[in-house]
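Asks: got a sequence here, can you build the structure:
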Amino acid sequence: MKNIRLIPLLLFLLTFDFVSCKKSVVVPNKGKDLVLTPIEQQKVTADNAFTLKLFKNLNGGTQTGANLFVSPLSVSFAMAMTGNGSNGQTQWAIDSAMSFKGFTRDQINSYYHKLITELPELDPNTTINIANSIWYRQDFSVLPQFLLTGSVSYNAKIQALDFSNPASAGIINNWVSGQTHGNIPAIVGQVPSTALMYLVNAMYFKSSWKEKFNAANTTRQDFYLDNNTTVSANFMSNDKLDFKRYTTNEAGIYELPYSNSKYSMVIVMPASGTTLQQLVSGLDSTKWRTWMRGLSNFTGPLKMPKFKFSYSTALNNSLTALGMGNAFSTAADFSRISTVKPLFISDVLHKAFVDVDESGTTAAAATVVVIGTTASLPPPPVVINHPFLFAIREMSSGLILFIGTVNNPLLTGN
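Replies: From the prediction side, this is the model:
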C-alpha cells in the first residue's frame, strides 16, 4: 500500500526534474536582424555609392604599390553631423558629394541614429562601437538646436574646450583612442587659433571568423606584386572552408563570413591580365551590386595572407573633387551652427587601422571635421573686477606722472 502511494510522488519528482533540465538549456544568442524601411534601404545604396566614389578617388591618388584602408561610413557620420549646420549652396554641395541628395534631414538623421543603435546589437560575438562627439571653443557661440540634434540623433558627446590650452588636442585624441580601443591613438595635432569646432566620429569593429583558420597551417608563401616582383608573406589556409564566390572575366569575388554571418569580408582579386588599379578604376555601385548578387555558396580550400596596417589622409581634396568645394571656402554657409561669419570646413582628417589574422579581424577608423574661420576670433573681454593699481605715464620716456590704486570704484574721496 505504501508503494502505491509513493508512485504519484515519484512521477511528480521525475516530471519536475525533467522540466528543470529543460529550463537549464542555454539557447545560443544569435543576435538580431537589421530591419530597414524602404527609404533606409535606399540610403544604404546611397552610402555604398559614396563609399565607392571616395575609395576610387583616394586610390587614384595613392602611391603605386601602397596599401589603402578607409571607412567612408565614418566620414558619412561626421559629415552628416556637420551637414545639420549647413544651409543653402553649402548644404547642396555636402548632400551632392556625400550622396545625401533625395533624403530629408530628418531621414538622414534617423537613419544614422538607427545604425548607431542597432549595428552593435546584430551579433553578440562581434564588437562594434560607433561614437560621435562635438568639441567647440569655449567662447564660441553655438546655436543650441545644432548641439541638440548632434546629441539626440548621433548620441554625440558635447563639450566646450579651451582651445588655447595645448592640452585640448590631447583631450580629443584620448577620446578617439578610447573609442577605438587604442587602435587610433591620435588624429588631431596642435589646435590652430582659427579652429572653432571639431566634429568627430570613431568606429571600432572586432569579430572572429565563422570558421577560423588554424594557426598551425599558416606558412610562408610568395605574394605576387603588380610590378612583377614577389614578396614572402604569411598565408593562412583552410582546406574545407564554407564561403561564397562569384567569378567574372575580370575578377574573382569571395565572401568570408564572420561569427553568426551578420558581417563578412568581401575579397575581390583581379583576374590574370588585369591590375588592381585597372579593376578599381572601372568600379562603380552598379558593378558592385552585380558582384554581390552573383555570390553563391561554395565549400573548398582557401589561402589568404595575414595583414595589418594603418592609413591616414586628409580628405579636403577628395571631397572637393566630389563636389563639396563650397563647404571649404569662405562662401560656405554654416549659419545653422553659429551666427559667426565666415565659417567653413578647414580640414577633414581620416585615420584607419586593420588587422586580419587566423582568428578574425580588428578594424578601427576615425574622422574629424574641423570648422574654422579666416582669422582668430577676438579674445574675450578682459574684466577688471578686482582691486587694481593704475598709473599715468609719458610713453616715450616712461616717466610716471600719476599712480594710484582702486580698491572700491564707488568711493569718491577720503
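Asks: surely residue 47 is in contact with residue 74?
Replies: No - using CB atoms under 8 Å, residue 47 makes no contact with residue 74, being 11.2 Å away. Just so you know, the C-beta spots here come from the backbone N, C-alpha and C atoms, and that holds for glycine as well.
Asks: and these two? which has more neighbours close in?
Replies: Shown here are residue 47 and residue 74; by other CB atoms under 10 Å, residue 74 has more neighbours (23 against 19).
Asks: who are the contact partners of the most centrally placed residue in the chain?
Replies: The residue lying closest to the centre of the chain (CA atoms, centre = their mean) is residue 74, at 2.8 Å. Contacts for residue 74 (CB atoms under 8 Å, 6 or more residues apart in numbering) come out as 201-203, 350, 352, 365-367.
Asks: work out for me the element it sits within.
Replies: helix 72-83 (DSSP states H and E).
Asks: check contacts around the closest residue to residue 255 other than its chain neighbours.
Replies: Excluding its sequence neighbours, the residue lying closest to residue 255 (CB to CB, 6 or more residues apart in numbering) is residue 244, at 4.1 Å. Counting by CB under 8 Å, 6+ apart, residue 244 touches 254-255, 295-298.
Asks: which of those count as buried?
Replies: 254-255, 295 (16 or more other CB atoms under 10 Å).
Asks: of the residues you listed, closest to residue 168?
Replies: Closest to residue 168 out of the buried ones among the contacts of residue 244 is residue 255 (43.2 Å), distances taken as CB to CB.
Asks: what residues of the strand or helix carrying that closest one count as buried?
Replies: Using DSSP H and E, residue 255 falls within strand 251-257. Neighbour counts over strand 251-257 (16+ other CB under 10 Å) mark 251, 253-257 as buried.
Asks: quick one: work out the angle between the next helix or strand after it and strand 251-257.
Replies: Remark: after strand 251-257, the chain's next helix or strand is strand 264-270, criterion DSSP H and E. Note on geometry: by axes from the mean of the first three to the mean of the last three CA atoms, to 10 degrees, strand 264-270 and strand 251-257 are set 160 degrees apart in direction.
Asks: who does strand 264-270 pair up with?
Replies: Strand 264-270 has its sheet partners listed here by DSSP bridges as strand 251-257 (antiparallel).
Asks: contacts for the partner strand, please.
Replies: 209-210, 241-247, 263-271, 274, 279, 291, 294-295, 302.
Asks: the same query, at a cut-off of 7 Å, please.
Replies: By CB atoms under 7 Å, 6 or more residues apart in numbering, the list of residues contacting strand 251-257 from outside reads 209-210, 243-246, 264-271, 279, 291, 295.
Asks: re the thing from before, mind putting the contacts of residue 244 in TSV, pLDDT and distance to residue 145 included?
Replies: TSV is the format used below for the contacts of residue 244 (pLDDT from 0 to 100; distance: CB to CB, whole Å):
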residue	pLDDT	distance to residue 145
254	93	47
255	93	43
295	93	44
296	95	49
297	95	50
298	94	52
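Asks: re the thing from before, how far away is the residue nearest to the centre of the chain from residue 201?
Replies: For residue 74, the distance to residue 201 equals 5 Å [CB to CB, to the nearest Å].
Asks: what of residue 181?
Replies: Applying CB to CB to residue 181 and residue 201 gives a distance of 15 Å.
Asks: now do the strands in the stretch 301-414 of the chain.
Replies: Secondary structure of the stretch 301-414 of the chain (DSSP state E, counting those that start in this stretch): strands at 307-314, 344-356, 360-372, 388-393, 400-406.
Asks: ugh, typo on my part, it should be the stretch 151-300 of the chain
Replies: For the stretch 151-300 of the chain, the strands defined by DSSP E, counting those that start in this stretch cover 157-161, 195-208, 219-224, 230-247, 251-257, 264-270, 296-305.
Asks: deepest-packed of the ones you listed, please.
Replies: strand 195-208 (a mean of 24; mean count of other CB atoms under 10 Å).
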